[in-house]
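Undergrad: What shape does this take:
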Amino acid sequence: MGANTNNTFDAIVVGSGISGGWAAMELCKKGLKTLMLERGRDVVHIKDYTSAMTNVWEFPDRLEKTNEQIKNYPIQSHCYAFNSGSEHFFVNDLENPYNQVKPFAWFRGYQVGGKSLIWGRQCYRYSDLDFKANQEEGIGVDWPIRYKDLAAWYDYAEDFVGVSGKNESLSQLPDGHFLPPMEMNCLEEFMAEKIKSKFPDRVMTPARLANLSAPHLGRGPCQYRNLCTRGCPFSGYFSSNSATIPAAQATGNLSLRPFSIVTEVLLDEKTNKAKGVRVLDSETKEVFEFYAKIVFLNASTLGTTQILLNSVSSRFPTGFGNSSGQLGHNVMDHISAAGASGTFEGFSDKYYVGRRPGGILIPRFQNLKGKDRDYLRGFGFQGAAEREGWERLETQAGTGVDFKSQISKPGPWTVWLGGWGECLPYFDNQVSLNKEKLDSHGQPTLNMDCTFRDNEFKMRKDMEASGKEILELCGFKDIHGFQPDAPMGATIHEMGTARMGKDPKTSVLNGNNQMHDVKNVFITDGSCMTSSGSVNPSLTYMALTARACDFAFKELKAGNI
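TA: Residues are numbered from 1 along each chain as shown. A predicted model of the protein is given here:
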């Protein structure tokens, strides 16, 4: 789409990541002429996956982080997915600054597809254990929805994505519509049986992944290369680029405009509706306005919040739709990385085929029926068992046939279990605009004033203790607990800055992801979350987005917005 083409549409979607891609697809399929605005460059599926087929030895740095990368990507280079094969899908931190009032890791991908090109692909449903927790404990505000409101939309999302997984009949982890699971290896199966015999309330199951275990809707299957963060030329995993954007484009209703930084949402104060958005072209520095009947904000939790805080008017002097004063507050992220690792002396005659792109899940088992820990909520374990490879000897001196033979043999079996735990919503965990410090485009930057608290720290201790307990039970040796002091943001599940709720006085959005204050604006990225739960949130964003698009279309058709 060129800069001088028609500037009026039925709908505008800001952002092209997981939730933005879904919004564009749903609205286009309903017949709405939709403009998708992405602040970064275009990434065309397959064509722009420039490193997808490159071997490790073909990279000059052999995928080890260089001094230059650490200089230009002081934050991004700490991401598990960052290396020379995926560097082009991460922002340059020096060009995209923010301000850490307290330590905060903000991982970002500014391109068509956003972080859907580098996400971890874990797909789990929230349950009523999550949706009811705030109300039952008097924390934050109550969710305006329950699991029954989202169940059919979870089905719908899973059916399109093609989630591989296994149903386990657990109330805290609802079953879904799955492709065959990516089976556990022999040591993981052994662990699952041991855990089941000792702890009836704990289950180890294959990770539920947006990696296709079978061909699905013309995509995939996964090739078990585990190079997902470079972009998949086989369409073996779900991304906006491989799935939702092509589906939107196939309708003929999508206009995609990259290099378009949305700086603010425009309010028509006569009608109290959004009339569109203002855009800064990052290449030409020109400013444009685009207009639509409905606006979906899906620029990621902090990106959406930044736009709203920058959209001020006499009606909303502290940010667009912020009559509640909640905008930018209640930042959450999962607390993670604590757990345990160990080695196993058995199964020396066993191995596995390929590089499975996901491991295992032990769903939450704490505080399921009342409080049985010294903290609220809970965590689940993710992890994997594997055999050590030649890397275990890369610092050991040696030459010749004997040494080559030694490094050609697999090492012992190892396992790691890492906890993913719920963070409570705290009002004073907040982000705000800093108009004194501008980015390279002359826009205000964000101040990050967020930190984990006592409840999360107690949970983190239990992650380590429980991980060690499980590995000891299973007969592992050399067990090491770990409890790194990772900052908020490190799990890349930031959420909650424009939360859903029943009362306009204490929340930004209603139960349909619709702004209380401005009825034709919808937010379905992580901003909308009222509590964080203990599982990866992306599937919930997809389900909420599809549901909100259905509602918005019906309201638009009825003349209510």
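Undergrad: shaky segments in this protein?
TA: 1-5 (pLDDT under 70).
Undergrad: how is it carved up into domains?
TA: With domains defined by automatic domain parsing, the chain comprises 7-164+209-331+426-449+495-561, 170-207+335-421+452-486.
Undergrad: Mean neighbour count, those domains: which tops it?
TA: Among the domains of the chain, domain 7-164+209-331+426-449+495-561 has the highest mean neighbour count (mean count of other CB atoms under 10 Å), at a mean of 21. Backbone N, C-alpha and C define where each C-beta goes, glycine included.
Undergrad: Could you check how far the closest residue in space to Glu137 that isn't next to it in sequence is from Lys461?
TA: Closest residue in space to Glu137, ignoring its immediate chain neighbours: Leu376 at 6.0 Å, by CB to CB, 6 or more residues apart in numbering. Look at Leu376 and Lys461: by CB to CB, to the nearest Å, they are 14 Å apart.
Undergrad: Show me the helices in the stretch 301-450 of the chain, by range?
TA: Per DSSP state H, counting those that start in this stretch, the stretch 301-450 of the chain carries helices over the ranges 301-310, 400-408.
Undergrad: and the shortest one, how far from the chain's centre?
TA: Centroid displacement of helix 400-408 relative to its chain, using CA atoms, centre = their mean, to the nearest Å, is 42 Å.
Undergrad: Check whether Asn512 sits in a helix, strand or coil.
TA: Following DSSP: H, G, I helix; E, B strand; the rest coil, Asn512 is assigned to coil.
Undergrad: Take the helices of the stretch 301-450 of the chain and lay them out in CSV including distance to Pro103.
TA: Putting the helices of the stretch 301-450 of the chain into CSV (distance: least, CB to CB, whole Å) gives the following:
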stretch, distance to Pro103
helix 301-310, 15
helix 400-408, 39
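Undergrad: Can you say which of the ones you listed is nearest to Thr54?
TA: The closest of these to Thr54 is helix 400-408. By CB to CB, the value is 23.0 Å.
Undergrad: one step back: tell me which of the helices of the stretch 301-450 of the chain sits nearest to Thr540.
TA: Comparing those by CB to CB, helix 301-310 comes nearest, at 13.0 Å.
Undergrad: which ones are touching the closest residue to Ala105 other than its chain neighbours?
TA: Leaving aside its sequence neighbours, Ala105 sits nearest to Gly489 (CB to CB, 6+ apart; 3.9 Å). By CB atoms under 8 Å, 6 or more residues apart in numbering, the contact list for Gly489 reads Phe104, Ala105, Trp106, Phe107, Asp333, Met448, Cys450.
Undergrad: just the strands in the stretch 401-550 of the chain please.
TA: 413-421, 430-438, 444-449, 477-482, 521-523 (DSSP state E, counting those that start in this stretch).
Undergrad: now the last one: how far from the chain's centre is it?
TA: Spelled out, it's strand 521-523. 19 Å.
Undergrad: hmm, who's touching it?
TA: The contact list for strand 521-523 (CB under 8 Å, 6+ apart) reads 23, 265, 274, 294-298, 304, 320-321, 498, 508-509, 512-515, 548-549, 552.
Undergrad: correct me, but Arg392 touches Lys409?
TA: No. Counting by CB atoms under 8 Å, no contact exists between Arg392 and Lys409, whose distance comes to 10.5 Å.
Undergrad: Next, the contact list for Ala210, please.
TA: So Ala210 contacts Arg121, Gln122, Cys123, Val161, Gly162, Val163, Tyr237, Phe238, Ser538 (CB under 8 Å, 6+ apart).
Undergrad: For the third one, give its distance to Val265.
TA: When distances are taken as CB to CB, Cys123 and Val265 turn out to be 30 Å apart.
Undergrad: Could you verify my assumption that Leu267 touches Ser314?
TA: No. Using CB under 8 Å, Leu267 is not in contact with Ser314; the gap is 9.3 Å.
Undergrad: can you tell me which of the helices of the stretch 301-450 of the chain comes nearest to Cys528?
TA: helix 301-310 (8.8 Å).
Undergrad: helices or strands up against that closest one?
TA: strand 260-268, strand 287-297, strand 430-438, strand 444-449 (3 or more CB pairs under 8 Å, 6 or more residues apart in numbering; DSSP states H and E).
Undergrad: Taking strand 444-449 as reference, get the angle to that helix.
TA: 120 degrees (axes from the mean of the first three to the mean of the last three CA atoms, to 10 degrees).
Undergrad: Please export the C-alpha coordinates of helix 301-310 as PDB.
TA: Output of helix 301-310 as PDB, limited to C-alpha atoms (Å, rounded to 0.1, in the frame of the first residue of the first chain):
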ATOM      1  CA  THR A 301       1.200  -4.800  25.700                       C
ATOM      2  CA  LEU A 302       3.700  -1.900  26.100                       C
ATOM      3  CA  GLY A 303       3.400  -0.700  22.500                       C
ATOM      4  CA  THR A 304      -0.400  -0.300  22.800                       C
ATOM      5  CA  THR A 305       0.000   1.400  26.200                       C
ATOM      6  CA  GLN A 306       2.600   3.800  24.800                       C
ATOM      7  CA  ILE A 307       0.200   4.800  22.000                       C
ATOM      8  CA  LEU A 308      -2.700   5.300  24.400                       C
ATOM      9  CA  LEU A 309      -0.700   7.300  26.900                       C
ATOM     10  CA  ASN A 310       0.500   9.500  24.000                       C
END
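Undergrad: and that helix, how far from the chain's centre?
TA: Worked out by CA atoms, centre = their mean, helix 301-310 lies 17 Å from the chain centre.
Undergrad: and that helix with strand 287-297, angle?
TA: If you take the same axes, to 10 degrees, helix 301-310 sits at 120 degrees to strand 287-297.
Undergrad: okay, the angle between helix 301-310 and strand 260-268?
TA: 40 degrees.
Undergrad: hmm, who's touching helix 301-310?
TA: Everything outside helix 301-310 that qualifies as a contact, by CB under 8 Å, 6+ apart, is 14-15, 39, 106, 108, 262-265, 297-299, 318-322, 327-328, 331, 431-433, 443-444, 446, 494-498, 523, 525-527.
Undergrad: Make TSV from the contacts of Ala210 and add secondary structure and distance to Ile46 to it.
TA: Below are the contacts of Ala210 laid out as TSV (DSSP: H, G, I helix; E, B strand; the rest coil; distance: CB to CB, whole Å):
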residue	secondary structure	distance to Ile46
Arg121	coil	18
Gln122	strand	24
Cys123	coil	23
Val161	helix	19
Gly162	coil	18
Val163	coil	22
Tyr237	strand	13
Phe238	coil	15
Ser538	helix	22
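Undergrad: what about the helices in the stretch 101-250 of the chain?
TA: According to DSSP H, counting those that start in this stretch, the helices that the stretch 101-250 of the chain contains are 128-131, 133-137, 147-161, 186-198, 245-250.
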